[in-house]
Each structure stands twice: as structure tokens, then as C-alpha cells.
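# Below are the sequence and a predicted model; questions follow.
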Amino acid sequence: MATIAVNLQAVRARIRRAAQAVGRKPGDIALVAVSKTFPAEYIAQAHAAGQMAFGENYAREAVEKITKLTQLPLEWHFIGPVQSNKTNNIAPRFQWVHSVEREKIALRLDAARPDGLPPLNVCIQINVSGETAKSGVEPGEELKLAEAIARLPRLKLRGLMAIPEPTPDPALRQRRFALLRELKERLVARGHVLDTLSMGMSDDLEAAIAEGATMVRVGTAIFGKRNQ
């Protein structure tokens with residue numbers, strides 16, 4: 001537990017320094033602890049150290065953890081590719097889905113969200129690096145999907161998400177994050193009320209915060225090397 005608590009403290013300090021370096025308030029940046037492949041016990045330890053939001057990539061694994069930890073007041077974020085046959089598991093259990101890239105998935109999430117719950121917060125995933133194997137809509141295609149999501153009563157479009165390619169080039173990294181910020185600004189200019197830029201991970205959260213990230217998704221720097 002000491003290691004996870006110490007790691008969380010270090011990550012929060014990085015967020016604070018990065019925000020202050022560009023004149024932003026650290027409190028405006030949320031930390032999502034990416035707990036995929038790690039056991040529920042690690043999540044409980046992180047919660048004991050003050051962490052509330054957790055990110056999962058795999059629906060079956062996540063459902064097991066959510067069920068096991070139901071007594072804790074946690075906020076669950078689905079951050080992996082959403083398969084059509086998993087929407088019934090995701091929609092009732094998560095508060096956020098960061099990785100919507102198709103209208104079909106949005107429709108299925110909307111249909112599976114129980115009426116008694118608040119609207120499901122969603123982000124549109126953008127493929128800012130143009131990788132053929134990466135999920136996300138191409139830049140320029142987000143408006144059509146945003147308008148489709150806005151018509152769904154059980155979903156609430158909050159913003160955009162991206163996972164740029166790993167790169168040692170800081171200028172390229174910055175351009176990828178800047179592109180996501182610009183795409184969000186374009187949607188806002190078209191009348192969409194958005195408040196979220198989900199970008200930045202263990203290795204690049206500082207660059208993401210400099211370009212306006214409001215939510216960073218950090219796994220390795222908190223929990224250690226991921227089990228495959």
C-alpha cells in the first residue's frame with residue numbers, strides 16, 4: 001500500500017507542477033488511475049490513499065472488480081475500445097466512457113443505460129496520429145458523431161479523448177495534444193457545450209496539461225509495470 005500511496009503522491013505533484021507552469025489551477029485537472037490488469041486489492045489501496053476515479057479497458061475484467069468493490073464510492077471510467085456486445089455490461093456500471101468512435105456504439109450505450117441513472121458521460125476518441133491500428137475517428141469527422149450523440153437522452157457528450165503514438169519527439173507530442181484541443185474548440189464554436197480533454201498518460205502528462213488536458217489517465221506511474 002505504501003508504494004501505491006507514494007506513487008499517487010508523486011503523480012499528483014507532477015500534475016500540480018505542470019499546471020502551475022502554464023498558469024492553470026491543479027484542481028481543474030482530474031486524475032484517472034488506470035487499473036486495467038491490476039487486481040481489485042490495488043484499487044482499494046489507491047482509494048485508501050484518496051483516489052476516486054479508475055480507468056478500465058476490458059469489460060469482463062472491469063465488471064468483476066466493480067462487483068467486488070461495490071461498497072466503495074468509486075468513479076469508473078471505461079477507456080478501451082467498446083465492442084458492441086459489451087455495451088450492456090458497460091452502460092449500467094460506468095460513469096464515463098472515453099472511447100466512443102462510432103454512432104452504433106453510442107446508440108447501444110444509450111439503449112443500455114438504465115433510466116434511473118444519470119446520463120452516461122462520454123468522450124469521442126480521435127485518432128490524432130493517423131495510425132491505422134488505432135481506434136478513434138479521423139480529425140474532421142468528430143462533428144457528425146458529436147451531433148449524433150447530442151440527440152441521445154441517456155448520454156452526455158463531455159469532450160474528446162486521444163492516445164497519441166509514443167514518440168521521443170516533444171514537438172510532435174505537443175502537436176498531437178494541440179490538435180485535440182483545437183478540435184474541441186471547433187465543436188464548442190458549433191454550439192456543443194464541452195468541458196473535457198482526456199489526454200496524457202504516465203510519460204506525457206506534462207505536455208498534455210500544457211495543451212489543456214482536464215483529465216489525465218495514469219497507470220504505470222501509480223501501479224507499476226502492467227501485467228499482460
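Sure, I can see it. Numbers count the residues shown, from 1 in each chain.

# so R158 sits in a strand?
Yes - assessed by DSSP: H, G, I helix; E, B strand; the rest coil, R158 belongs to a strand.

# Mind telling me what element E206 is part of?
Assigned by DSSP states H and E, E206 belongs to helix 205-210.

# I should have written N89 there, sorry.
Applying DSSP H and E, one finds N89 within helix 87-90.

# What is the very next helix or strand once past that helix packed up against?
Sequence-wise, the next helix or strand downstream of helix 87-90 (DSSP H and E) is strand 96-100. For strand 96-100, the elements it packs on are strand 75-78, helix 103-112, strand 120-125, strand 155-161, judged by 3 or more Cβ pairs under 8 Å, 6 or more residues apart in numbering; DSSP states H and E. All C-beta spots, glycine's among them, are computed from the backbone N, C-alpha and C.

# got the buried residues for the last one?
If I follow you right, that is strand 155-161. 155, 157-161 (16 or more other Cβ atoms under 10 Å).

# Give me the contacts around the helix or strand just after the helix holding E206.
Counting by DSSP H and E, the element after helix 205-210 in chain order, helix or strand, is strand 215-218. Residues outside strand 215-218 that contact it (Cβ atoms under 8 Å, 6 or more residues apart in numbering) are 11, 15, 29-34, 55, 77, 79, 98, 196-202, 205, 208-209.

# at 10 Å what do you get?
7-8, 11-12, 14-15, 18, 28-34, 53, 55, 77, 79, 96, 98, 123, 158-159, 161, 163, 195-206, 208-209 (Cβ atoms under 10 Å, 6 or more residues apart in numbering).

# Any chance of a PyMOL selection covering the buried ones in these?
PyMOL command restricting the contacts of strand 215-218 to the buried ones, with burial defined by 16+ other Cβ under 10 Å:
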select buried, resi 7+8+11+12+14+15+18+29+30+31+32+33+34+53+55+77+79+96+98+123+158+159+161+163+196+197+198+199+200+201+202+204+205+206+208+209
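
# Where does pLDDT dip in this protein?
Within the chain, the segments meeting pLDDT under 70 span 1, 227-228.

# Now do the helix holding N89: which elements does it pack against?
When contacts are defined as 3 or more Cβ pairs under 10 Å, 6 or more residues apart in numbering; DSSP states H and E, helix 87-90 sits against helix 59-68, strand 75-78, helix 103-112.

# buried sites along stretch 145-152?
Under 16+ other Cβ under 10 Å, the buried positions of stretch 145-152 are 145-146, 148-149, 152.

# got the buried residues for stretch 87-105?
Counting neighbours by 16+ other Cβ under 10 Å, stretch 87-105 gives 87, 89-91, 93-94, 96-102, 105 as buried.

# Kindly export that stretch (C-alpha atoms) in CSV.
Provided in CSV are the C-alpha atoms of stretch 87-105 (Å, rounded to 0.1, in the frame of the first residue of the first chain):
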residue,chain,number,x,y,z
THR,A,87,-22.3,-2.2,-24.2
ASN,A,88,-24.8,-4.0,-21.9
ASN,A,89,-22.1,-4.5,-19.4
ILE,A,90,-20.6,-1.1,-19.6
ALA,A,91,-23.5,1.3,-19.8
PRO,A,92,-25.1,0.4,-16.4
ARG,A,93,-21.9,0.2,-14.4
PHE,A,94,-19.6,3.1,-15.6
GLN,A,95,-19.9,6.8,-15.1
TRP,A,96,-17.7,7.6,-18.1
VAL,A,97,-16.8,6.1,-21.4
HIS,A,98,-13.9,7.9,-23.1
SER,A,99,-13.6,5.9,-26.2
VAL,A,100,-16.8,6.3,-28.3
GLU,A,101,-15.8,6.3,-32.0
ARG,A,102,-19.0,5.1,-33.8
GLU,A,103,-22.6,6.1,-33.8
LYS,A,104,-23.6,2.5,-33.5
ILE,A,105,-21.7,2.2,-30.2
